[in-house]
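Peer 1: What shape does this take:
(one chain, ligands or ions: 1)
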Amino acid sequence: MAAAAFQQAIGSIQSYGCCNESGSQKAFGNFSMKLVSNGHVFNVGFLKRGTCSTRGWKLGVIQASTSHTSVANPVSSPTNSNSNDSRKKSNEVALILIRHGESLWNEKNLFTGCVDVPLTKKGVEEALEAGKRISNIPVDMIYTSALIRAQMTAMLAMTQHRHKKVPIIQHNESEQAKAWSQVFSEETKKQTIPVIADWRLNERMYGELQGLNKRETADKYGKEKVHEWRRSYDIPPPNGESLEMCAERAVAYFREQIEPQLLSGKNVMIAAHGNSLRSIIMYLDKLTSQEVISLELSTGIPMLYIFKEGKFIRRGSPVAPTEAGVYAYTKSLALYRQKLDEMLH
Ligand SMILES: O=C(O)[C@@H](CO)OP(=O)(O)O
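Peer 2: I've put the predicted structure just below:
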């Protein structure tokens, strides 16, 4: 593909993020991403000013039928009576995916899996930075895993959102928990964002590797064996989940619980984990089990998809609010941002 056409096609997209602790993806400047073209996966690097190198590109799409509400009206959430009007104006919704910020065990280079470890100070900063990047993107519903590092990331990111709605964790684990966490003002409810935490978005269960040091494990069992445990599609680590097993529950959850929300017009953010998100991206971008092997996600980098006319269109990682970026791509997002400006000034 000619450089100019490529630039035009991708503009400011910066995804799937930069090099993470595995070191298996090369980072160029601030961002790098994997692109898939004709069954091939390419590393694409982005220097700070957007210079790039690549050989091919494909937007990920899936088939579905849909009706949507607008991303353009910042005061119109799907719970708001204006949602039918806005549905007429625009039929796109936003889907944001964020891998949690750095955890204390990412920092120590330990296999973490389903062990519930909080963020480091750097992880907190990454979550706040992610929040700045998505501060002009509408969010009506938030899904997180059951693990604190994903929940901290979602909550910290939302402190930066310009709409200033309050994210509230839904406690549906028992009738009593549900009753005791009710909100009795419709007006207040409109200013909240439901947060649904579910174990099916958890990191893949790493079995007997949980708590072990990644480098020491590679020294003991050999680099190749450990790479196979970490990145093969269908080979599980001892007594743990393979990516395929993780995908079975994470993608099923996405399809059963999250897709219907997108179809009904809600803008959704998902804060989850390296492997649960890799499996969801595999589904959204229709990656093969071979292609997903080399997909790496960085901590704290948000990725934006637009769901429009039954298709998921990957837009990349939104840039900071002061810079030109993803807004150039969709009129509805630009309009949403403009309305936020008007509302807040
Ligand atoms: O330890 C883990 O739980 C995961 C993510 O940090 O590691 P990996 O990179 O091997 O998937």
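Peer 1: which parts of the stretch 1-150 of the chain sit against the ligand?
Peer 2: Where proximity means C-beta under 6 Å from any ligand atom, the interface of the stretch 1-150 of the chain facing the ligand comprises 22, 106, 111, 112, 113. All C-beta spots, glycine's among them, are computed from the backbone N, C-alpha and C.
Peer 1: Can you tell me the closest non-neighbouring residue to the last one?
Peer 2: Yep, that's residue 113 we're talking about. Once its chain neighbours are removed from consideration, residue 113 has its nearest residue in residue 206; the separation is 3.1 Å (C-beta to C-beta, 6 or more residues apart in numbering).
Peer 1: could the residues of the stretch 1-150 of the chain next to the ligand be laid out in JSON lines, adding pLDDT, neighbour count and secondary structure?
Peer 2: As requested, these are arranged in JSON lines below (pLDDT from 0 to 100; neighbours: other C-beta atoms under 10 Å; DSSP: H, G, I helix; E, B strand; the rest coil):
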{"residue": "22", "pLDDT": "33", "neighbour count": "13", "secondary structure": "coil"}
{"residue": "106", "pLDDT": "98", "neighbour count": "21", "secondary structure": "helix"}
{"residue": "111", "pLDDT": "98", "neighbour count": "22", "secondary structure": "coil"}
{"residue": "112", "pLDDT": "98", "neighbour count": "23", "secondary structure": "coil"}
{"residue": "113", "pLDDT": "98", "neighbour count": "23", "secondary structure": "coil"}
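Peer 1: sorry, back to before: can you give me the neighbour number for the residue nearest to residue 113?
Peer 2: Here the count is done by other C-beta atoms under 10 Å, and residue 206 has 24 residues near it.
Peer 1: Could you check how far it is from residue 133?
Peer 2: From residue 206 across to residue 133, the span is 29 Å (C-beta to C-beta, to the nearest Å).
Peer 1: just residue 312 next, same as before
Peer 2: The gap separating residue 312 from residue 133 is 19 Å, by C-beta to C-beta.
Peer 1: Which one's more surrounded, those two?
Peer 2: residue 133 (25 against 22).
Peer 1: give me the number of residues near the residue nearest to the more buried one when sequence neighbours are not counted?
Peer 2: Ranked by C-beta to C-beta, 6+ apart and with sequence neighbours excluded, the top spatial neighbour of residue 133 is residue 318, at 4.8 Å. A count of neighbours around residue 318, defined by other C-beta under 10 Å, yields 27.
Peer 1: Look up how far residue 126 lies from residue 318.
Peer 2: 15 Å.
Peer 1: for residue 309, same thing?
Peer 2: Distance of residue 309 to residue 126, given as C-beta to C-beta: 33 Å.
Peer 1: Please tell me how far the residue of the stretch 1-150 of the chain found nearest the ligand sits from residue 310.
Peer 2: Of all residues in the stretch 1-150 of the chain, the one sitting closest to the ligand is residue 112 (3.6 Å; C-beta to the nearest ligand atom). With the distance defined as C-beta to C-beta, residue 112 ends up 36 Å from residue 310.
Peer 1: that older thread, quick check, the residue nearest to residue 133 in contact with residue 304.
Peer 2: Yes. Residue 318 is in contact with residue 304 according to C-beta atoms under 8 Å; the separation is 5.3 Å.
Peer 1: And the helices in the chain?
Peer 2: Under the criterion DSSP state H, the chain carries helices at the ranges 3-10, 83-89, 104-107, 121-133, 148-158, 175-180, 186-190, 214-221, 223-231, 243-253, 259-263, 274-284, 331-344.
Peer 1: Indicate which one of those helices is closest to residue 169.
Peer 2: Shortest separation from residue 169 across these is recorded for helix 148-158, at 7.5 Å, computed as C-beta to C-beta.
Peer 1: What angle do helix 121-133 and that closest one make with each other?
Peer 2: Helix 148-158 and helix 121-133 are oriented at 40 degrees to each other (axes from the mean of the first three to the mean of the last three C-alpha atoms, to 10 degrees).
Peer 1: Name the residues that touch helix 148-158?
Peer 2: Outside helix 148-158, the residues within contact range by C-beta atoms under 8 Å, 6 or more residues apart in numbering are 98, 100-101, 103, 116-119, 123-124, 126-128, 130-131, 134, 139, 142, 144-145, 165, 167, 169, 193, 195, 197, 201, 269, 271-273, 300, 302.
Peer 1: Need the distance between the two termini of stretch 96-104.
Peer 2: Across stretch 96-104, the terminal residues are separated by 24 Å (C-alpha to C-alpha, to the nearest Å).
Peer 1: All good on my end, thank you.
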